[in-house]
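Asks: Got a predicted structure here, sequence first:
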Amino acid sequence: MTTHPDAALIVGYAAGATDLDEATLWSVEVHLETCAECRARVAGGAPADTLALLDRVATSLSVEIESGPSPARRARTWSAARRRWMVWSLLPWLSMTAGLLVTALLLETAMPALPSVVLLIAPVAPLPAVAAAWSRRHDPAWELIAGTPAAGLTMLLRRTLGVLLVAVPLLALAGLGAGAPVALTLVPCLAFTAATIALGAVIGVRRAAAGLAGAWVLAVLTPSLITEDLPVLLRPDSLGVWVLVTVAMAGLALTRADSFRRLSSTN
């Protein structure tokens, strides 16, 4: 349309008249797309009840805008920290760690002839929880985490630290209860944890934890219980070696950071 529609046509269009043919409706609507003056005439020609409804809506919106939005509730700090550092699926594995240490302490008390069972269990006690902290099979949010920038070595270290914050006090208490040196209870545990992460960059954290735990049980724990003699690896003069192993494994894990870009089926 090159001219403005007449007033009667505008009033009929605004009122929703049914006697307008499709060609006329189309021409009016095309004109309204580019003509602010006619759009204002359409608005003014609407039925009284429609205008009243629009006035009520405008008044309500004005009140809402002036009062302002209610402040958004801030996420609880502890909840955000839990999502970054821990997952609920780790609780059964941490409970298993606590159960192992309690069982070891009871065995050591009931059978004093045996070498320190707490010392023998301590290096591998947290490994199941460490493996579960980086496994698609045990993480209900795996798909979400795998696609975020946080997925990688940083997330693995955060979750491992979360596991250690629970496991280390348990190990220290068990060591004190058994009369074992606390340092010799904790440092081998840290060495095995670092080795799990370093080896996990190659074969997956879950497999690394299972392999290291199995090797320790077969090569050290079982022979020590059979011979009733504490191995050289868990005597006080071996503490320095454990410290060096921990540092070396931690450094090796950091050099393989690119291997932890996502939670894979092998991890």
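Replies: Everything's here; your move. What you see is a predicted model, and the numbers here were worked out from it, not measured in a lab.
Asks: Can you give me the distance of the residue lying closest to residue 178 once chain neighbours are set aside to residue 174?
Replies: When the adjacent residues along the chain are set aside, residue 178 lies closest to residue 118, with 4.2 Å between them (CB to CB, 6 or more residues apart in numbering). The C-beta positions use only the backbone N, C-alpha and C, and glycine is treated the same way. Spatial separation of residue 118 from residue 174 under the definition CB to CB, to the nearest Å is 5 Å.
Asks: quick one: common contacting residues for these two?
Replies: Listed contacts common to residue 118 and residue 174 are 101, 104-105, 185; contacts here mean CB atoms under 8 Å, 6 or more residues apart in numbering.
Asks: from these, which ones fall inside helices?
Replies: Using DSSP state H, the members of these that fall within helices are 101, 104-105, 185.
Asks: on that earlier part again, which residues does the helix or strand containing the residue nearest to residue 178 contact?
Replies: Element membership of residue 118, judged by DSSP states H and E, is helix 117-121. With CB under 8 Å, 6+ apart as the test, helix 117-121 has contacts from 100-101, 104-105, 107-108, 174-175, 177-178, 180, 184-185, 220-221, 224-225, 230, 234.
Asks: Just the buried residues of those.
Replies: 100-101, 104-105, 107-108, 174-175, 177-178, 180, 184-185, 220-221, 224, 234 (16 or more other CB atoms under 10 Å).
Asks: Would you mark the buried spots in the strand or helix carrying residue 206?
Replies: Element membership for residue 206 (DSSP H and E) is helix 205-216. Counting neighbours by 16+ other CB under 10 Å, one finds that the buried residues in helix 205-216 are 205-213, 216.
Asks: I'd like those residues laid out as JSON lines, including pLDDT and distance to residue 169.
Replies: Rendered in JSON lines, the data for the buried residues of helix 205-216 read as follows (pLDDT from 0 to 100; distance: CB to CB, whole Å):
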{"residue": "205", "pLDDT": "82", "distance to residue 169": "23"}
{"residue": "206", "pLDDT": "84", "distance to residue 169": "25"}
{"residue": "207", "pLDDT": "87", "distance to residue 169": "28"}
{"residue": "208", "pLDDT": "89", "distance to residue 169": "24"}
{"residue": "209", "pLDDT": "89", "distance to residue 169": "21"}
{"residue": "210", "pLDDT": "91", "distance to residue 169": "25"}
{"residue": "211", "pLDDT": "93", "distance to residue 169": "27"}
{"residue": "212", "pLDDT": "93", "distance to residue 169": "22"}
{"residue": "213", "pLDDT": "92", "distance to residue 169": "21"}
{"residue": "216", "pLDDT": "93", "distance to residue 169": "22"}
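Asks: now those in JSON lines, with distance to residue 56?
Replies: Below are the buried residues of helix 205-216 laid out as JSON lines (distance: CB to CB, whole Å):
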{"residue": "205", "distance to residue 56": "62"}
{"residue": "206", "distance to residue 56": "62"}
{"residue": "207", "distance to residue 56": "67"}
{"residue": "208", "distance to residue 56": "67"}
{"residue": "209", "distance to residue 56": "66"}
{"residue": "210", "distance to residue 56": "68"}
{"residue": "211", "distance to residue 56": "72"}
{"residue": "212", "distance to residue 56": "71"}
{"residue": "213", "distance to residue 56": "71"}
{"residue": "216", "distance to residue 56": "76"}
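Asks: Tell me the one among those nearest to residue 246.
Replies: The shortest approach to residue 246 among the buried residues of helix 205-216 belongs to residue 212, at 13.5 Å (CB to CB).
Asks: Residue 12 and residue 235: what is the separation?
Replies: In this view, residue 12 and residue 235 are 101 Å apart by CB to CB.
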